[in-house]
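Colleague: below is the sequence, then the predicted model.
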Amino acid sequence: MPMLLSVGLPGLFCFPTVTMAAESDFLTRYRAVSNKLKKRFLRKPNVAEASEQFGQLAKELKQQDCLQYAAFCNLAMARCEQTLFNAPGEALALTEAARLFLSSEKETRALQAPGFDEHLQAALNCYSFAIKVYIEMNQPMMAASLCLEVGNALKEINRPGEAIVHFQRAAELQTQMPIEALLSMGEMATCKIITRDYDGALSVFTEMQLMCQERGLQLPGTSTPVGAFLDIVAKCEISRVLLLMLLEPPPQKLLPEHAQTLERYAWESFDPHSQVTFLPENVFLLLQSVVMACQEKDTESLKSLQTELWPFLTAEQNHLLHLVVQERIMPSGQGI
């Protein structure tokens, strides 16, 4: 397993929370089990027994809050399971090692201790190999769940830019489950907004809306999605309109799908009996007023509309609306 070569057993100085006696005991037991795996003349190593002993040692170390040591024992266990061609056992051991490394990283950050993100990198390596094993086992949903786990972990430690690729990978693995794929794409869009990649977020929301309309359940004889798909379309519609107001692309650079969206918010286009907007009538009218206020550069009306719209929007959408208002107050672009 190449990953085990890149994540070796660390020196004792890396673990100040563990007593020297405990370190010595751990290394003695770890080496004793490892020695059982050495090939001897006319004697085959008992890999299954070694895997079980590594697993037991990992449990004990985890209970003692020696997370890094426990993680390395799980890595050794994964190597044994790979030798035994037990892919499910290998994936589980790798996943447990990844979670232990990640917990160790969070502890280090909570203590504000100096470090080089070595435990985070070890966790990412373990997750990567576990995902690969699940894909080889033809279990894309398990692989996708780990991608989401990595993405959420990176987002939690304020690394949304790095999380994007993992949410994207999850969405790709969830192609047979549209709702789950859409939720993963929504996480991508959120990370892009956090990193101020508003063009990227707009592209993701547009793709999500198109996907809902193409693959979602629809009312008979209409192109209107129903159920969860309608909720996602409505969220995408609001977010897209707000992002377009924030970005203000010039007409010559406005993509056809974005121009079509904005056309729906022209005063003369509204039909209260039409379902084309995917939004409740009151929300549509308020959003339509926002578009008109932006076009007219009417800052006072925009502030008033922000107050009225606030209860109907998500926290993320309210953040976008706030940016739109700030951009109108500081039109030089300092609001973005």
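Modeller: Happy to help now that I have it.
Colleague: next SSE after whatever helix or strand residue 186 lives in?
Modeller: Using DSSP states H and E, residue 186 falls within helix 178-194. Remark: after helix 178-194, the chain's next helix or strand is helix 198-215, criterion DSSP H and E.
Colleague: packing partners for that next one?
Modeller: Helix 198-215 sits against helix 178-194, helix 228-247, helix 256-263, with contacts defined as 3 or more Cβ pairs under 8 Å, 6 or more residues apart in numbering; DSSP states H and E. The C-beta positions use only the backbone N, C-alpha and C, and glycine is treated the same way.
Colleague: same thing but at 10 Å, please
Modeller: Helix 198-215 sits against helix 160-173, helix 178-194, helix 228-247, helix 256-263, helix 315-329, with contacts defined as 3 or more Cβ pairs under 10 Å, 6 or more residues apart in numbering; DSSP states H and E.
Colleague: helix or strand right after whichever strand or helix holds residue 31?
Modeller: Per DSSP H and E, residue 31 falls inside helix 20-35. Going down the chain from helix 20-35, the next helix or strand is helix 47-63, by DSSP H and E.
Colleague: what residues of that following helix count as buried?
Modeller: For helix 47-63, the neighbour count (16 or more other Cβ atoms under 10 Å) marks 47, 50-51, 53-55, 57-58, 60-62 as buried.
Colleague: export the helix or strand immediately after it in the chain as PDB, just CAs?
Modeller: Note on helix 47-63: by DSSP H and E, the next helix or strand toward the C-terminus is helix 67-83. This file holds the C-alpha atoms of helix 67-83, laid out as PDB (Å, rounded to 0.1, in the frame of the first residue of the first chain):
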ATOM      1  CA  LEU A  67      -5.300   9.400  18.600                       C
ATOM      2  CA  GLN A  68      -2.200   9.500  16.400                       C
ATOM      3  CA  TYR A  69      -0.900   6.200  17.600                       C
ATOM      4  CA  ALA A  70      -4.400   4.600  17.200                       C
ATOM      5  CA  ALA A  71      -4.500   5.900  13.600                       C
ATOM      6  CA  PHE A  72      -1.100   4.300  12.800                       C
ATOM      7  CA  CYS A  73      -2.400   1.000  14.200                       C
ATOM      8  CA  ASN A  74      -5.400   1.300  11.900                       C
ATOM      9  CA  LEU A  75      -3.100   1.900   9.000                       C
ATOM     10  CA  ALA A  76      -1.200  -1.200   9.800                       C
ATOM     11  CA  MET A  77      -4.500  -3.100  10.100                       C
ATOM     12  CA  ALA A  78      -5.500  -1.800   6.700                       C
ATOM     13  CA  ARG A  79      -2.200  -3.100   5.200                       C
ATOM     14  CA  CYS A  80      -3.000  -6.500   6.700                       C
ATOM     15  CA  GLU A  81      -6.500  -6.500   5.300                       C
ATOM     16  CA  GLN A  82      -5.100  -5.600   1.900                       C
ATOM     17  CA  THR A  83      -2.800  -8.600   2.100                       C
END
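Colleague: tell me how many other residues surround residue 87.
Modeller: Applying other Cβ atoms under 10 Å, we find 15 residues neighbouring residue 87.
Colleague: also residue 224?
Modeller: Counted with other Cβ under 10 Å, residues neighbouring residue 224 total 17.
Colleague: from memory it sits against residue 213, does it?
Modeller: Yes - contact between residue 224 and residue 213 holds when scored by Cβ atoms under 10 Å: they sit 8.5 Å apart.
Colleague: mind listing the shared neighbours of those two?
Modeller: Residues touching both residue 224 and residue 213 (Cβ atoms under 10 Å, 6 or more residues apart in numbering): 233, 278.
Colleague: any weak-confidence spans in the stretch 1-150 of the chain?
Modeller: Segments of the stretch 1-150 of the chain classed as low confidence (criterion: pLDDT under 70) are 1-24, 41-42.
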